[in-house]
Every structure is written in C-alpha cells, then in structure tokens.
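Q: Predicted coordinates and the sequence they were generated for:
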Amino acid sequence: MNRYLRLVFIASILFCGNLLTACTKANSENPAPKVESIELLRTSQSWNGEDLPDYPQGRPELVAVKYIIPPGQKLGWHHHVAMNHGVLVQGELTIVGLDGKVGVIHEGEVVVEMVDAIHRGENRGTEPVVLYMFYLSQEGLPLSVQNPEVSIE
C-alpha cells in the first residue's frame, strides 16, 4: 500500500473513531425517552363512594365510546347495568345523582360511574366536554338505560 493510501486509511479510521465517540457521548448526554406507566386509578367504588357490583357470569364485551358534550348540555337521566369508567380529556363534567350527590370531574381525571343508580352528566362549562368511556359489559346489554320519567331540575 503506498504511503498516500496508508494516510487516507489511518485518517478514515481516526475520523470514524471520533465520530463513534461523539455519537456515544451525545447518546449518553441525551438518552432516549423511556416509556412511562402511570396508574391513574385503582378502585372498587364509583365516584360517589358506592361499591361496584360483582362481575356477571358469561362472556365479556368491552366497549369504548368517545362522548362530546357541548357547553350547557345535560344528558338525560339514566343508569348503567354494566360497570364503566373513563377519562375526561377536555372540559369539566358535573355528574348529578338522583340522590342529590354531585361530583365534578376535571380534565385529566378518571371517573367511575355508578351502576344501577340514576344520574346524569352536565356540561356547566364554556368548552365542550370530551370524555372517553370504557364499558365492561356483556353482549346484548345496553350501555345505559334512559329514565325519562325522572324530571328534577
């Protein structure tokens, strides 16, 4: 190998070594972000403190629903036959129980709804409520049962 090629070869090895060292140093100074797991809630009670029922027997059906509730809107009085919980991603949701209990869920919070207890959700705020709900149900069961005979204002 002539002298010129030897110098180019050595220079290439030194360059690659310096590049590798720089990349390794940069990666150690700026490590890749790590995956985080943050438990938001672990409970056996609904938002109003009532115990959740036992699981029913049979094949489960999991349902996920995105609700958008405009400002000033109220859902009808209803109850759930299956357990469900959700995450409020925008706005502020007020839940009113037929028993008069009121709960306010804020953006980023988790809500566990009541089972077999009449209630309704209200958007008393100025921006739409965006709520993701997850139902732990069974095939054929309704997500909610409307109770139009209730009229409390």
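A: Good, I have the coordinates.

Q: Can you pull out the low-pLDDT segments for the protein?
A: Judged by pLDDT under 70, the chain has its weakly predicted residues at 1-28, 153.

Q: All the strands of it, residue numbers only.
A: If you assign secondary structure with DSSP state E, the strands in the chain sit at 60-69, 78-79, 83-90, 92-97, 102-106, 110-112, 119-122, 129-138, 145-146.

Q: winner for burial among those?
A: For the strands of the chain, ranked by mean neighbour count under the definition mean count of other CB atoms under 10 Å, the leader is strand 119-122 at a mean of 20. Any C-beta I mention is one placed from the backbone N, CA and C, and that applies to glycine too.

Q: Tell me which other helices or strands that one touches.
A: The contact analysis (3 or more CB pairs under 8 Å, 6 or more residues apart in numbering; DSSP states H and E) places strand 119-122 against strand 78-79, strand 92-97.

Q: Select, out of the ones you listed, the one closest to residue 150.
A: Distances from residue 150 to each of the helices and strands packed on strand 119-122 were compared by CB to CB, and the smallest falls on strand 78-79, at 9.0 Å.

Q: list the helices and strands the closest one packs on?
A: Applying 3+ CB pairs under 8 Å, 6+ apart, we find strand 78-79 packed against strand 119-122, strand 145-146.

Q: ok so, going back, redo the helices and strands packed on strand 119-122 as TSV? Include distance to residue 59.
A: Supplementary listing: the helices and strands packed on strand 119-122 in TSV, determined by distance: least, CB to CB, whole Å:
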stretch	distance to residue 59
strand 78-79	23
strand 92-97	30
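
Q: Tell me which of the strands of the chain sits nearest to residue 44.
A: Taking CB to CB, strand 110-112 is the member of the strands of the chain nearest to residue 44, at 9.0 Å.

Q: Residue 112 is in contact with residue 43, correct?
A: Yes. In terms of CB atoms under 8 Å, residue 43 counts as a neighbour of residue 112; the distance is 6.0 Å.

Q: circling back to that earlier point, will you turn the strands of the chain into CSV that also has distance to residue 48?
A: Supplementary listing: the strands of the chain in CSV, determined by distance: least, CB to CB, whole Å:
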stretch, distance to residue 48
strand 60-69, 19
strand 78-79, 13
strand 83-90, 13
strand 92-97, 6
strand 102-106, 6
strand 110-112, 9
strand 119-122, 8
strand 129-138, 17
strand 145-146, 18
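
Q: Among the ones you listed, which comes closest to residue 39?
A: Distances from residue 39 to each of those were compared using CB to CB; the minimum, 9.9 Å, belongs to strand 110-112.
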